[in-house]
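Visitor: Kindly return the folded structure for what I paste below:
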Amino acid sequence: MPRVLLIEDDPSIREGVGLGLRRRGHEVSAAETGEEGLALMAGFHPELVLLDLMLPGINGVQVCRRIRETSEVPIIMLTARGDDFDIVVGLEAGADDYVVKPVRTDIIEARIKAVLRRLGDAGARPGIEQHGRLAVDRAGLTVAKDGERVALAPSEIKLLLHLSASPEQVFSRRQLLEYVWEHSYHADARLVDACVRRLRNKIEDPDGNPRYIQTVRGFGYRFGPL
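Guide: Here you go, the predicted model:
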């Protein structure tokens, strides 16, 4: 079972979620603040991070950005109901998914499995594909632009691999949501839009004209044509 770093300032949630995950076989390291969580990253080497958005001191969005500077570890946000703006900001910062509090351990466990499954599913097709200046290694789960590797979070790599596997085919947000995130709720379309924006920031040229991930108004997204 993957090692989980839990960063949550509410002691009841921290203890309850930590206990529930340990009972399911996870090794869990818990932190009360963002600063403490960042300090634990280096020594604990988590395989997944559960990150509360509303933290004292360095907030969850700042922690997420700091983690993304050096790590591609999956990040699931813990957020209070109704914090839609914060959810979008957290997703833009690099989170892969979110769970609304109050949380149940079985829901968190399901999201953890779904996030980690993305990496396994993404590597199903071998080979390196060249798409213009973009090289996509499906076996190695890596992407390079002009020969330089692009650091992508799990949801970003799976979204890119899925779109690039069928160039010019248009996928609706709901289709992408169900395939990449295994969600079926229309409201979670913001997961798709936030992930697309992050991908574009990393693989597209800064001229404002997306070449790889293109929007088809009223329908969704497609890869290319290049």
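Visitor: And the helix or strand of the chain with the lowest mean pLDDT, what's buried?
Guide: Every helix and strand of the chain was ranked by mean pLDDT, DSSP states H and E. The lowest is helix 105-122, at a mean of 79. The neighbour-count check on helix 105-122 (16 or more other CB atoms under 10 Å) flags Thr105, Ile108, Glu109, Arg111, Ile112, Ala114, Val115, Leu116, Arg118, Ala122 as buried. All C-beta spots, glycine's among them, are computed from the backbone N, C-alpha and C.
Visitor: now stretch 11-28
Guide: Buried residues in stretch 11-28, counting neighbours by 16+ other CB under 10 Å, are found at Ile13, Arg14, Gly16, Val17, Gly18, Gly20, Leu21, His26, Val28.
Visitor: right, and the pair among those residues with maximum separation?
Guide: The distance between the two most remote of these (CB to CB) is 15.8 Å, for Ile13 and His26.
Visitor: possible to save the buried residues of stretch 11-28 as a markdown table with pLDDT, distance to Asp84 and secondary structure?
Guide: Formatted as a markdown table, the buried residues of stretch 11-28 follow (pLDDT from 0 to 100; distance: CB to CB, whole Å; DSSP: H, G, I helix; E, B strand; the rest coil):
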| residue | pLDDT | distance to Asp84 | secondary structure |
| --- | --- | --- | --- |
| Ile13 | 93 | 20 | helix |
| Arg14 | 94 | 24 | helix |
| Gly16 | 94 | 25 | helix |
| Val17 | 94 | 22 | helix |
| Gly18 | 94 | 27 | helix |
| Gly20 | 94 | 26 | helix |
| Leu21 | 95 | 27 | helix |
| His26 | 94 | 29 | coil |
| Val28 | 96 | 29 | strand |
